[in-house]
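# show me how the following folds:
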Amino acid sequence: MIPIRDLNPTRRTAWVTLLVIAASAWAFFAIQPADPAQEARFLYREAAIPCEVSTGQALSLDEIRTGVCEPTRDAPAFAGKSIVLSVLASIFFHGSIGHLAGNLWILWIFGNNVEDRFGRLRYLIFYLAAGVVATIGHVVMNPDSTIPVVGASGAIAGVMGAYLVLFPRARVRSFIPPLFFLPFNLPAVVFLVLWFLGQFALAGTQTNIAWEAHVAGFVAGLMFGLLRRRK
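This next block holds a predicted model:
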C-alpha cells in the first residue's frame, strides 16, 4: 500500500518537518556527489558503517576493498572521521532520488501531526533520537557489515510508531499499485501495523533495505509516543 495523505488536520505549521525535508533534499542535491564512484567514496567517508560503530575504529582501505570487518593497526582510509557524527549525518543522506522522494513523502504525511502533538523542540530531539536508535538497531544485527547505512527511513519509522500511538483512529488514504485509480481509507492503526509486520518479510532476503533499522526506529517511536500520550 502506498499512502496518499492522512485525514488528520494540524493546528499549526510543521516547521521542523519542513526543515528536515529541506535539509535532506539539500544534502542529496548539494552535498552528495552525483558521480557514483565519488558518491561511494563520500559515503565511506561521511556515513555510518556498522563495522566502525561496533568496533569504534574507522575502516582501513583493506577492509573497504575486501568487505571484511577485521580491525587492525592499519591506518584508517579516512583519517579524522567522526564515527559519532557519522551516525547523525547518515539520517540525512540517501541512496537515490527515489529513496529520497519516498522517505520525504511519508515523513510529511505522518510527521506534521506528530510534530503538532510533541511540540517543535521535542519533536526535533525525538526525530534525531529515533534515527540514532534505528541505526544502532541495524548495527546490533549486522555488526560486521562494511556497507554504509544511509537514509531517513529509520527516523521516519520512529515517526510512524509515534503516530500509531497518538492517532490510531486517523484515516490514511492509500492505494495499491497498479490500482491507483481506486484509493481507499484505512485506520492508521491498520496501515501502520501492516507496514511494521511487512518489514519482517524482508528478513533473510538480499536487498539494500535496512529492515532492522525500520523495526528499531518504529519500536522507539512507539515508546516515545506512549510517554507523550501519558503526559
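
# where does the prediction get shaky in this structure?
Residue ranges of the chain with pLDDT under 70: 204, 206, 231.

# nearest the geometric middle of it, what residue?
S153 (2.3 Å; C-alpha atoms, centre = their mean).

# and the gap between that one and S24?
According to C-beta to C-beta, to the nearest Å, S153 stands 11 Å off from S24. All C-beta spots, glycine's among them, are computed from the backbone N, C-alpha and C.

# before we move on, what about W211?
In terms of C-beta to C-beta, W211 sits 20 Å off from S24.

# over to T17?
In terms of C-beta to C-beta, T17 sits 11 Å off from S24.

# higher neighbour count, these two?
Per other C-beta atoms under 10 Å, whichever of T17 and S24 has more neighbours is T17, with 26 against 21.

# which residues in the chain form helices?
With helices called from DSSP state H, the chain shows them at 15-26, 36-46, 50-55, 61-66, 83-89, 97-118, 120-141, 153-166, 188-199, 211-230.

# tell me the most buried of those?
helix 153-166 (a mean of 28; mean count of other C-beta atoms under 10 Å).

# CA-only coordinates of it in PDB, if you can.
Provided in PDB are the C-alpha atoms of helix 153-166 (Å, rounded to 0.1, in the frame of the first residue of the first chain):
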ATOM      1  CA  SER A 153      13.900   5.600   6.900                       C
ATOM      2  CA  GLY A 154      14.700   4.600  10.500                       C
ATOM      3  CA  ALA A 155      13.900   8.000  11.900                       C
ATOM      4  CA  ILE A 156      10.700   8.100   9.800                       C
ATOM      5  CA  ALA A 157       9.800   4.700  11.100                       C
ATOM      6  CA  GLY A 158      10.000   6.300  14.600                       C
ATOM      7  CA  VAL A 159       7.600   9.000  13.500                       C
ATOM      8  CA  MET A 160       5.200   6.300  12.200                       C
ATOM      9  CA  GLY A 161       5.400   4.400  15.500                       C
ATOM     10  CA  ALA A 162       4.600   7.600  17.400                       C
ATOM     11  CA  TYR A 163       1.700   8.300  15.100                       C
ATOM     12  CA  LEU A 164       0.300   4.800  15.700                       C
ATOM     13  CA  VAL A 165       0.100   5.600  19.400                       C
ATOM     14  CA  LEU A 166      -1.100   9.200  19.200                       C
END
